[in-house]
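In: quick one: sequence and predicted model below, then my questions.
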Amino acid sequence: SAVISQKPSRDICQRGTSLTIQCQVDSQVTMMFWYRQQPGQSLTLIATANQGSEATYESGFVIDKFPISRPNLTFSTLTVSNMSPEDSSIYLCSVETGASHEQYFGPGTRLTVT
Amino acid sequence: AQSVTQLDSQVPVFEEAPVELRCNYSSSVSVYLFWYVQYPNQGLQLLLKYLSGSTLVESINGFEAEFNKSQTSFHLRKPSVHISDTAEYFCAVSERRGYQKVTFGIGTKLQVIP
């Protein structure tokens, strides 16, 4: 298993600004993931972040809007850039352990854009 | 590509009554199956998983799920629910071949009524 923390837990931001969300894991992991959970919807994978390589983005998500850093095996950041109200969501970090694709999730960052 | 269908968005049930949350998946290859739970204002937690072997898997808090390959289902059941089971439950699937991302269902909100 893994224990994951995220900062901030919530924030209210003005449109046009950017917010960087931090994800810290208590053990070294190869694969980290960033998800978005919009109200009433399921989790949508934004990107996969492997240490030492560029993040891999899912369809509909681009690096300019959601730049990701992965400087080491226990830490990652996701930036939500040039925010609009449509970016209001919960952003979740997760890690994968073992070969069975079992994922452990952070508590999430609740973002409100006004 | 894989997909997950959770047929019920909300399930109200009285305390101590049985409950079944339905999940069907679609995939052309063998899969791993998961149920995650999200308690109010908390992150997702893995509830149980099917990797191989026995098609009936159990969690520590009394939930069980049965993998039915012919019906491509992985329904979650509990014979007697408690107030503390009130949460949102997400079914998830990933394909076994190489690395495949985890796909989540839309979630089912279980509301236990006193």
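Out: On my side now, so go ahead.

In: partners of the helix or strand bottoming out on mean pLDDT in chain A, with directions?
Out: Every helix and strand of chain A was ranked by mean pLDDT, DSSP states H and E. The lowest is strand A:102-105, at a mean of 87. Take DSSP bridges as the rule and strand A:102-105 pairs in its sheet with strand A:89-97 (antiparallel).

In: might you calculate how far the partner strand sits from the centre of the chain?
Out: Centre-to-centre, strand A:89-97 and its host chain are 6 Å apart (Cα atoms, centre = their mean, to the nearest Å).

In: can you dump the C-alpha atoms of the least confident helix or strand of chain A in PDB for me?
Out: Presented in PDB, the C-alpha positions along strand A:102-105 are these (Å, rounded to 0.1, in the frame of the first residue of the first chain):
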ATOM      1  CA  GLU A 102      -4.100  -1.500  -8.000                       C
ATOM      2  CA  GLN A 103      -4.100   2.200  -7.300                       C
ATOM      3  CA  TYR A 104      -3.900   4.200  -4.200                       C
ATOM      4  CA  PHE A 105      -5.400   7.700  -4.100                       C
END
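
In: so what's the gap between the following helix or strand past it and the chain middle?
Out: Where DSSP states H and E defines the elements, the next helix or strand beyond strand A:102-105 is strand A:109-113. Distance of strand A:109-113 from the chain centroid (Cα atoms, centre = their mean) equals 12 Å.

In: please enumerate residues in contact with strand A:109-113?
Out: Strand A:109-113 has contacts (Cβ atoms under 8 Å, 6 or more residues apart in numbering or on different chains) with A:6-15, A:19, A:21, A:80, A:83-92. In this view, the C-beta of every residue, glycine as well, is placed from N, C-alpha and C.

In: try 6 Å
Out: Applying Cβ atoms under 6 Å, 6 or more residues apart in numbering or on different chains, the contact partners of strand A:109-113 are A:6, A:10-13, A:15, A:21, A:83, A:85, A:87-91.

In: if you count neighbours, what's buried in that strand?
Out: By 16 or more other Cβ atoms under 10 Å in any protein chain shown, the buried positions in strand A:109-113 come out as A:Thr109, A:Arg110, A:Leu111, A:Val113.

In: tell me the contacts of B:Leu76?
Out: Listed by Cβ under 6 Å, 6+ apart, the contact set of B:Leu76 reads B:Leu21, B:Trp35, B:Phe63, B:Ala65.

In: now with 7 Å?
Out: When contacts are counted by Cβ atoms under 7 Å, 6 or more residues apart in numbering or on different chains, B:Leu76 touches B:Leu21, B:Cys23, B:Trp35, B:Phe63, B:Ala65, B:Tyr89.

In: report pLDDT for the residue lying closest to the second one once chain neighbours are set aside.
Out: Across the structure, with Cβ to Cβ, 6 or more residues apart in numbering or on different chains as the measure, the residue nearest B:Cys23 apart from its sequence neighbours is B:Cys91 (3.5 Å). B:Cys91 is assigned a pLDDT of 96 by the prediction.

In: in what helix or strand does B:Cys91 lie?
Out: In the assignment (DSSP H and E), B:Cys91 maps to strand B:87-95.

In: which residues of chain A fall in strands?
Out: A:4-7, A:10-13, A:19-25, A:31-37, A:43-50, A:56-57, A:68-72, A:75-80, A:89-97, A:102-105, A:109-113 (DSSP state E).
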